[in-house]
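S.K.: Turn this into a model:
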Amino acid sequence: MNESHEQTPGQSVSGEHTADAAYGSPDRSVAGDYHFALADTLKEAWIATHGNKLRILIALGVFMLVAIGFSLLSALVSLIFGAGPDQVTLMEALVNFPVNVASYGFNGVMTAGLIVIGARLSVGGKAGVHDLFRYLPAFLKALITQLLMTLMILLGLVLLVLPGIYLAIAYGFAIPLALERGLSPWEAMETSRKAVTHRWFAFLGLSLVCALLLMLSVLTLGIAYIWVLPLCVLAYGIAYRNLFGLPVDNDNAQL
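M.R.: Below is the predicted model:
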């Protein structure tokens, strides 16, 4: 892939992102007018790993460090204000609440950034660890979208399990749609759900393949992660690109 395929940033007169005809758009994807085949996506992602592994691994490393940082902070709060492993004090809960909220919001921001990195690198575009925090100004929207998704998935799991599994896959692109495309949290969730539903089993296959590869990588003492992690990030970036178009090159998060 070369950079000549990359979308020219811009907006239509209605305020929506212009879409590269070679890729998808939210409206077309909701109608089922897009291409997504599991084998083709994995093949393209594998080719795109060449020359991009280090950038993706650095971004994933920062993602993990942030997550570990919040976990350590939460553990420190529990150590200071807790009464024991089986008891949670009121003060511990109150102090840990903003820590958990911040962790949840940052996870949404970085997830959107990671998918954008995968989408851009898949066409030879520029992307790096800074894109991980590109949508930090939309922190509140990321948090609300995460909470709504979790609530709906948990509700689905309570209702005979299968609806929850369906929503967990169908909402896979809700956060980048909310932050990168500027949709409201509910609109982003519904856009992702309606689009993914047309090829739901293929997206389930992508999730299962990545999960299986990640588990098998343990048998190589983690060495295979050097290839598997970038492959999965690029695969999801390619899927997002094919469904909703290339992310626009804009430093301002869509609030």
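S.K.: ok, the residue nearest the centre of the chain - contacts?
M.R.: Of all residues in the chain, the one closest to the mean position by C-alpha atoms, centre = their mean is Thr111, 3.7 Å from it. When contacts are counted by C-beta atoms under 8 Å, 6 or more residues apart in numbering, Thr111 touches 175-176. Heads up, the C-betas are built off the backbone N, CA and C, glycines and all.
S.K.: can you check Phe244 too?
M.R.: Residues in contact with Phe244, defined by C-beta under 8 Å, 6+ apart, are 23-26, 29, 173, 176-177, 181, 195.
S.K.: Against Thr49, how distant is it?
M.R.: Separation of Phe244 from Thr49 (C-beta to C-beta, to the nearest Å): 22 Å.
S.K.: Next: His35.
M.R.: His35 is 21 Å from Thr49, by C-beta to C-beta.
S.K.: cool, and Leu148?
M.R.: According to C-beta to C-beta, Leu148 and Thr49 sit 33 Å apart.
S.K.: show me where pLDDT drops low in the stretch 101-250 of the chain?
M.R.: 248-250 (pLDDT under 70).
S.K.: Which strand or helix spans Ala127?
M.R.: Assessed by DSSP states H and E, Ala127 sits outside every helix and strand.
S.K.: Quick check: it touching Gly113?
M.R.: No: contact criterion C-beta atoms under 8 Å: Ala127 and Gly113 do not qualify, at 9.0 Å.
S.K.: Determine which member of those two has the greater number of neighbouring residues.
M.R.: Comparing Ala127 with Gly113 by other C-beta atoms under 10 Å, the one with more neighbours is Gly113, at 29 against 24.
S.K.: can you confirm that one is in a strand?
M.R.: No: using DSSP: H, G, I helix; E, B strand; the rest coil, the assignment for Gly113 is helix, not a strand.
S.K.: pretty sure it contacts Ala138?
M.R.: No: between Gly113 and Ala138 there is no contact, the gap being 10.8 Å when judged by C-beta under 8 Å.
S.K.: if you skip the residues just before and after it, what's nearest to Asp78?
M.R.: Careful, residue 78 is Ser and not Asp. Glu92 (5.8 Å; C-beta to C-beta, 6 or more residues apart in numbering).
S.K.: Name the surrounding residues that touch the helix or strand hosting Ile47.
M.R.: Element membership for Ile47 (DSSP H and E) is helix 38-49. Here helix 38-49 makes contact (C-beta under 8 Å, 6+ apart) with 1, 56, 121-122, 202, 205-206, 209, 227, 230-232, 234-235, 237-239, 242.
S.K.: quick one, helices of the stretch 51-200 of the chain?
M.R.: 53-81, 90-121, 139-158, 162-170, 174-180, 185-197, 200-217 (DSSP state H, counting those that start in this stretch).
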